[in-house]
Structure formats: structure tokens, C-alpha cells
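Enquirer: Just to be clear, the model below is a prediction. Sequence and coordinates:
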Amino acid sequence: MNPSPSITDAEFAQFQQFIFDQAGITLPSSKKSLVSGRLAKRLRLHQLERYGDYLALLRQPAHAHELQVATDLLTTNETYFFREPKHFDFLRQQALAARGRAQMFRVWSAASSSGEEAYSVAMVLADCLGDATPWEVLGTDISTRVLRGAQRAQYPMTRARDIAPAYLRRFCLRGTDEYEGTLLIERGLRQHVHFRQVNLNEPLPVLGHFDVVFLRNVMIYFSDDTKRHVVARVVSTLRPGGHLLIGHAETLNDITDAVQPLAPSVYRKPV
């Protein structure tokens, strides 16, 4: 069997349709090598010579687990601690304004990947709210694989470069011995952060309502029609006066008027 199978244009087109149906993600033609590279090991594992055969396997009910594996491999996005720091400055303002209130302050990291965004949010809330106001963070993603990593909360120390030294000392534990070169988010912070699988391209499960939702750097993969549906679902979870944060390269122009622009990439739901 060929150890490095090549993917044909027709097979790539089928996988473009597959991931659009699964997650609403539009893969450009420039991602052909990414698709073949990420799935090649799965073909070898199942002793398949063609990507078309692998796609046929994914359509079999008996291989539901493999369907999730393929979805995980094709939807993983880059993330890191305190990405786009202005959003965390804004979050700090909102949290300080809520300090002392009885109602829980809730934040949703709606495309949390391996968890760095959710834990970054948690560090800010722990710093600003402490025990003065109850708070929690929900992190969701379509990929069960990255969510398992998020729940472990252990990261290479090289990922800590954008964590403020005070936060690093307060909220992170340095690994020793066999864990040298890694950090672990400390237990007290982890207790405020919960993860679950959610596909934004489908009707949402009951998640409750949020003061702030981070929906960043995910809509660039969606068609305009998919964006409208996803944003409508996400906005429905915002409390009146709550805020939606999107990536700095993204916009909601012609997508929704259910939230109003407050600043670049920051939107507010009317009261």
C-alpha cells in the first residue's frame, strides 16, 4: 500500500462538502494539502489506499467514532493565551463594573479549542471579581480531542509568553522532573471553568445566559449564510446589555442587527 496517498481534486471537493455539512466550515482550495496531511494517518490506520474509501468509511454508522476523529482533525484552530489583548482589557472593565452583584457573571468561550482563551478569561475574572461576585466560564468546541486537552489544563511553557508575570505566579504551576517545560493551570481556577462539546452549526443545547461571549476567529471559515445562523444562535444566549466579541479581522456587517457595534470587534445587545 502507498504509505503517502495523494488526494484527487474530486476527493478534496467531497471533503470540502463533508466538513461544511459537519461544521459549516468552508475550506478553500489552498487547504488541499492540509486535508491530505491531517487525514493520511487515518488512511494508513484503516489500511485504505484512497481518500474516497476513507470518506465512504465515515458514512457508515458503525464508524461514528471515526467521524468524530475526522471532524476533530479538520476543525482544529490555532489559539494562545491572551490573544488579542484589547478584548481582555474590555473584559476587565465589564467584570469590575459587575463586582459586588449577586447574579453570577458568566462568560462563554464559544470556540475554545485547547482552552487557552477560556483560562485567560478565568484569570481576569478571578483577579477582578475574586469572591466578591460569583463567576464561571464555559468553553465549547466541536472537537472532542482539543477539549480533552483543555480539561487537562497542561501546556508547554513556551505558550506562557503572553501571560502577565503576576498571573503566571498566581494561576499557573511550573512542571518539574518529567513535567519540566510545562505549566498547569492551578486547581482553584480550573474549578470555575467548564468544557463541553457544542457544534455552533446546529441548534444549541441549553447553555443558560451570558454577560460576555467570545466568538473569535471562527467566522472566517463560515459562509455568510452560516454566519447569520451561528450569530443568531449565539446572540440568543446573551443577557440584555451583554457583549459579543469577535475577531479583529471579522465583522457583523450585513450579518445581524440584533447587536450594536460598540467598538471595533465589540458588540452590545440592547437592553
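Expert: Thanks, I have the structure now. Residues are numbered from 1 along each chain as shown.

Enquirer: residue contacts, Y155?
Expert: Contact analysis of Y155 by Cβ atoms under 8 Å, 6 or more residues apart in numbering lists S114, E116, T182, L183, I185. Quick note: C-beta positions are derived from backbone N, CA and C, even for glycine.

Enquirer: how long is stretch 168-179 end to end?
Expert: For stretch 168-179, the first and last residues are 17 Å from each other (Cα to Cα, to the nearest Å).

Enquirer: cool, stretch 27-34 as well?
Expert: End-to-end distance of stretch 27-34 (Cα to Cα): 10 Å.

Enquirer: chain center to it: distance?
Expert: 21 Å (Cα atoms, centre = their mean, to the nearest Å).

Enquirer: mind giving me the domain split of this structure?
Expert: According to automatic domain parsing, the chain comprises the domains 9-75, 86-268.

Enquirer: Redo these as TSV? Include mean pLDDT.
Expert: Below are the domains of the chain laid out as TSV (pLDDT from 0 to 100):
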stretch	mean pLDDT
domain 9-75	89
domain 86-268	95
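
Enquirer: out of the ones you listed, deepest packed?
Expert: Ranked by mean neighbour count, those are led by domain 86-268 with a mean of 18 (mean count of other Cβ atoms under 10 Å).

Enquirer: For M123, give its distance to F88.
Expert: Plainly put, M123 is 9 Å away from F88 if you go by Cβ to Cβ, to the nearest Å.

Enquirer: Now the phi/psi pair for D141, please.
Expert: Main-chain torsions, D141, degrees, to the nearest 10: phi -160, psi 160.

Enquirer: ranges for the strands of the stretch 1-150 of the chain?
Expert: Under the criterion DSSP state E, counting those that start in this stretch, the stretch 1-150 of the chain contains strands at 105-109, 135-141.

Enquirer: What strands line up against the last one, and which way round?
Expert: Strand pairing for strand 135-141, using DSSP bridges, gives strand 105-109 (parallel), strand 193-197 (parallel).

Enquirer: before we move on, back to that, which one of the strands of the stretch 1-150 of the chain lies nearest to F210?
Expert: F210 sits nearest to strand 105-109 of all the strands of the stretch 1-150 of the chain, at 4.6 Å, using Cβ to Cβ.

Enquirer: For that closest one, give me every contacting residue.
Expert: 91, 95, 98, 117-118, 121, 125, 129, 133-140, 207-214, 237.

Enquirer: Which neighbours in the sheet does the longest strand along the chain have, and how are they oriented?
Expert: In the chain, assigned by DSSP state E, the strand with the most residues is strand 238-246. Within its sheet, strand 238-246 is paired with strand 210-215 (parallel), strand 266-268 (antiparallel), according to DSSP bridges.

Enquirer: Take the ones you listed and write them to CSV, including distance to F171.
Expert: Listed next are those as CSV, based on distance: least, Cβ to Cβ, whole Å:
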stretch, distance to F171
strand 210-215, 18
strand 266-268, 25
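
Enquirer: what's the closest of the ones you listed to T176?
Expert: With distances scored as Cβ to Cβ, the stretch of the strands paired with strand 238-246 nearest to T176 is strand 210-215 (32.4 Å).

Enquirer: Now do the closest one: everything it contacts.
Expert: 87, 91, 94, 98, 105-111, 117, 121, 138, 230-231, 234, 237-239, 242-246.

Enquirer: and V234, what are its phi and psi?
Expert: Dihedral angles (degrees, to the nearest 10) for V234: phi -70, psi -40.

Enquirer: Next up, the contacts around it.
Expert: Taking Cβ under 8 Å, 6+ apart, we find V234 in contact with A110, L200, L204, V213, L215, L244.

Enquirer: how far away is it from F222?
Expert: On the measure of Cβ to Cβ, V234 and F222 end up 12 Å apart.
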